[in-house]
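*Asks:* Sequence first, predicted coordinates after that:
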Amino acid sequence: MHVLVASLAVACGAVSPTAEGEGGAAGDHGAHGGYAGSGGSAAITSSAGSSSSGSASSANSSPGGSGSNDEDAALPPPPDDSCARFGLQMEFTPGDCPQALCADSLCDCFILCLPARNGSCMTKVNCAAACAAGLDAVFECATSASPCQSAADCAGGLCVFDDGAATGQCGDGGPGARCRHDHDCRMGNCVAVAENGARGCSSGGDGEPCNRSADCPSGGCLLEAGKLAGRCSAGIANSECRDSADCRPGFHCIPFFSRLVCTAGKLNEPCDDNERCESGHCWLGLGGGRCTAGMLDEPCDDGSDCESGFCGGAIEGSSLGSACTGGENGVGCGTDSDCQSGRCAKPHGPEIPGSGKCTAGKLGDACSKDAHCDSAACAGTDNGNHAGTCSSRALKADCERDAHCDSGHCAYTPLFAQGACTDGNVGSACVESSQCASGHCSKGDGSLGECLAN
């Protein structure tokens, strides 16, 4: 039985394989974009041709025209980014790649056999080209790319030809797709997308690559001096800019995360301080601000971001950032200034938005320090590890230190984080006998007991 082998410079499947040992004159890998026979195999070879973008040449189905125009004459020819440069060889095998063919790496850069299209296995590759491009590029060609001689050979209806080549490579014509001329793109232009002249389709929309303003019907092309590839900018909210001159009238160029963008200060537009926003409220968030109305539950950095003047609640569904509140008792808070009462009961530690509750400081209300209570006694916090409650200071009332008691004595057990005000008389709280007038405490194990008569 013949073993079917196809030596394809792109993924197999668009070229019919031939039986090993049948037909095929010996060929040179440097042939001009055609098929070069080698021991009965068919090889699609890398063309020597190149082109500039923006052509208005023949229809996509026509191979090889140069198509460059005067406007793009300054662009360098594109680098060879075709799958043909890899010289991939495929062996048609059922199932996975056979171990006998794939025991060793194909190249010193550890490129291995790859399952390819139509039940084939990539068993040979031009190592110099493959190692320079990387495994991802090789894998893409082996599994996805298809050679073509006309648009009819391609599911997407676009066959991309290098100038002078008889064989092309199927493309989809979408944004960023490989191209050589404008007719290789479904909309917009074929532009240089990198400083090495690599070409890709650009719709000309905001943020799309460009080489000149004519590539950007939405606005202008932000192109640094001496650079080949830039970005289209519409000059409106969120459009990239270098300074305010790149923005439309009424818009300003401001820092936003790691770039500069245009803004007019409308709601939800970028901002870098409150004065940038028509509402007067700019939430800076985690590095990129946006204008808000400052209403309840909207994100905020501090009270100046809120119409109420209070910021401290948690943003719904997020553990990051604060939300505007009314500052009334019972709402979430992070610091005392987040509350109308000036009292935010929360555990000690980092100021986590919404981790506390605004409190009035009355008896039994939540607290996290003595200053939160009208009685100046906040007990049950386990020395600040969690929120406590405001105590009455009376005998047997909760306490953590002597200052919490009108009697001046607090029987407190650190072991159980529990305490009660005492005067040492019979029935009063104690932890040890020395706290009792009788010299006798019902407990001696570190827990809270009561003073005995004798």
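*Replies:* That came through fine.

*Asks:* In the stretch 301-450 of the chain, where is pLDDT below threshold?
*Replies:* Applying pLDDT under 70 to the stretch 301-450 of the chain flags the ranges 317-320, 349-351.

*Asks:* got the residue ranges for the strands in it?
*Replies:* Assigned by DSSP state E, counting those that start in this stretch, the stretch 301-450 of the chain shows strands spanning 310-314, 322-325, 332-333, 344-345, 356-358, 366-367, 378-379, 388-390, 410-413, 418-421, 429-430, 449-450.

*Asks:* Reformat those as CSV; add distance to Leu222 and mean neighbour count.
*Replies:* Yep, even glycine has a C-beta here, placed from its N, CA and C like the rest. Below are the strands of the stretch 301-450 of the chain laid out as CSV (distance: least, Cβ to Cβ, whole Å; neighbours: other Cβ atoms under 10 Å):
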stretch, distance to Leu222, mean neighbour count
strand 310-314, 36, 26
strand 322-325, 35, 26
strand 332-333, 43, 26
strand 344-345, 47, 28
strand 356-358, 47, 24
strand 366-367, 54, 26
strand 378-379, 58, 28
strand 388-390, 58, 24
strand 410-413, 68, 23
strand 418-421, 67, 24
strand 429-430, 75, 28
strand 449-450, 78, 20
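
*Asks:* Which one, of these, ends up nearest to Pro249?
*Replies:* For the strands of the stretch 301-450 of the chain, distance to Pro249 was read as Cβ to Cβ. The smallest value, 32.2 Å, belongs to strand 322-325.

*Asks:* Give the pairing partners of that closest one; include direction for each.
*Replies:* In the sheet, strand 322-325 lines up against strand 299-300 (antiparallel), strand 310-314 (antiparallel) (DSSP bridges).

*Asks:* quick one: contacts for Gly334?
*Replies:* Counting by Cβ atoms under 8 Å, 6 or more residues apart in numbering, Gly334 makes contact with Gly312, Ser322, Cys344, Lys346, Glu351, Ile352, Pro353, Gly354, Ser355, Gly356.

*Asks:* Ala237 is in contact with Glu269, isn't it?
*Replies:* Yes - Ala237 sits in contact with Glu269 when judged by Cβ atoms under 8 Å, with a separation of 4.5 Å.

*Asks:* out of those two, which sits in the busier spot?
*Replies:* In this view Ala237 and Glu269 are compared by other Cβ atoms under 10 Å, and Glu269 has more residues nearby, 23 against 18.

*Asks:* isn't that one right up against Gly288?
*Replies:* No - applying Cβ under 8 Å as the test, Glu269 and Gly288 come out as separate, 11.3 Å apart.

*Asks:* hmm, back to that, and the strands paired with strand 322-325 as TSV, adding distance to Ala142?
*Replies:* Listed next are the strands paired with strand 322-325 as TSV, based on distance: least, Cβ to Cβ, whole Å:
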stretch	distance to Ala142
strand 299-300	47
strand 310-314	50
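
*Asks:* Of the ones you listed, which is nearest Gly173?
*Replies:* Of these, nearest to Gly173 by Cβ to Cβ is strand 299-300, at 40.7 Å.

*Asks:* Report the distance from that closest one to the chain centre.
*Replies:* 21 Å (Cα atoms, centre = their mean, to the nearest Å).

*Asks:* Ok, stretch 299-319 next?
*Replies:* 24 Å.

*Asks:* how about the residue positioned nearest the centre of the chain, what does it touch?
*Replies:* What sits nearest the mean C-alpha location of the chain, by Cα atoms, centre = their mean, is Phe257, with 12.4 Å. Residues near Phe257 by Cβ under 8 Å, 6+ apart: Gly287, Gly288.

*Asks:* Against Ser322, how distant is it?
*Replies:* Distance of Phe257 to Ser322, given as Cβ to Cβ, to the nearest Å: 20 Å.
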